[in-house]
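*Asks:* task: produce atomic coordinates for the following.
(one chain, ligands or ions: 2)
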Amino acid sequence: MAAHSARPRLTVLSGPSGVGKSTVVAHMRKEHPEVWLSVSATTRRPRPGERDGVHYFFVDDGEFDKLIANGELLEWAEFAGNRYGTPREAVMDRLGAGEPVLLEIDLQGARQIRESMPEAQLVFLAPPSWEELVRRLTGRGTEAPEVIERRLEAARTELAAESEFDTTLVNTSVQDVSHELLALMRVA
Ligand SMILES: Nc1nc2c(ncn2[C@@H]2O[C@H](COP(=O)(O)OP(=O)(O)O)[C@@H](O)[C@H]2O)c(=O)[nH]1
Ligand SMILES: Nc1ncnc2c1ncn2[C@@H]1O[C@H](COP(=O)(O)OP(=O)(O)O)[C@@H](O)[C@H]1O
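*Replies:* Ligands and ions are numbered 1, 2, ... in the order given. So this is what the prediction gives:
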């Protein structure tokens with residue numbers, strides 16, 4: 001098989017809220033800006049510092065309904081009271097051009113991608129321990145206590161689904177995990 005066709009085309013990174021997905025991806029893209037990350041649409045409100053079109057496309061409920069109705073989302077899910085979805089066209093364009101594509105999405109989204117694109121590789125980012133996950137999510141300071149509770153509830157379900165993924169990476173060191181992810185994507 002040629003090296004090019006051996007390259008995994010689509011990589012999905014999932015893991016509980018607060019495990020460090022965004023941190024790992026940001027670190028990785030600093031070293032390898034050519035790794036293309038899909039920008040999702042969400043009905044969640046922007047956090048301070050988050051920019052529309054960069055971190056997410058921030059939309060209202062009506063706009064999200066339209067994206068679903070028009071078939072514009074490759075997958076979508078409701079997570080902790082908000083909806084999130086992957087815009088289909090941009091992903092398909094990149095894959096069509098043979099470029100590595102990364103999706104950072106939740107468990108429900110990962111399951112949908114497994115169904116619709118079985119050739120995708122699913123990577124689970126796990127915390128070193130439950131206590132450390134709680135520490136990171138709380139320490140980030142971006143969510144109210146009741147929102148943190150909802151996210152920890154979802155985290156229990158997500159951690160229980162680890163075996164559905166092709167690979168698990170434990171996020172002890174951001175640098176190590178970032179390099180492992182790059183290797184899985186055959187970028188470095
Ligand atoms: N299914 C799906 N999940 C998404 C998408 N975009 C983000 N998510 C997931 O939604 C969850 C909440 O994201 P967010 O509110 O940004 O919180 P954070 O990941 O804890 O910083 C995380 O598990 C994300 O990976 C998407 O397009 N589809
Ligand atoms: N390997 C790590 N060690 C210690 N803290 C980390 C590590 N990775 C991420 N963090 C911290 O954990 C918190 C949650 O990380 P974040 O990337 O926002 O998680 P996610 O995107 O999975 O919700 C942040 O405050 C981040 O700085």
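*Asks:* which residues does F57 contact?
*Replies:* Shown here is F57, whose contacts under the criterion Cβ atoms under 8 Å, 6 or more residues apart in numbering are V39, S40, A41, T42, P87. Backbone N, C-alpha and C define where each C-beta goes, glycine included.
*Asks:* which SSE is immediately downstream of the helix or strand it falls within?
*Replies:* F57 belongs to strand 57-58 when assigned by DSSP states H and E. For strand 57-58, the following helix or strand on the C-terminal side (DSSP H and E) is helix 61-69.
*Asks:* helices or strands next to that next one in the packing?
*Replies:* The contact analysis (3 or more Cβ pairs under 8 Å, 6 or more residues apart in numbering; DSSP states H and E) places helix 61-69 against strand 41-42, strand 73-79, strand 82-87.
*Asks:* who touches that helix?
*Replies:* With contacts defined as Cβ under 8 Å, 6+ apart, helix 61-69 is touched by A41, T43, V59, L73, W76, R83, G85, P87.
*Asks:* swap in 10 Å and give it another go.
*Replies:* Outside of helix 61-69, the residues that reach it under the criterion Cβ atoms under 10 Å, 6 or more residues apart in numbering are 41-43, 57, 59, 72-73, 76, 82-85, 87-88.
*Asks:* what about the helices in the protein?
*Replies:* With DSSP state H as the criterion, the chain has helices at 3-6, 21-31, 61-69, 88-96, 107-116, 130-140, 145-160, 174-184.
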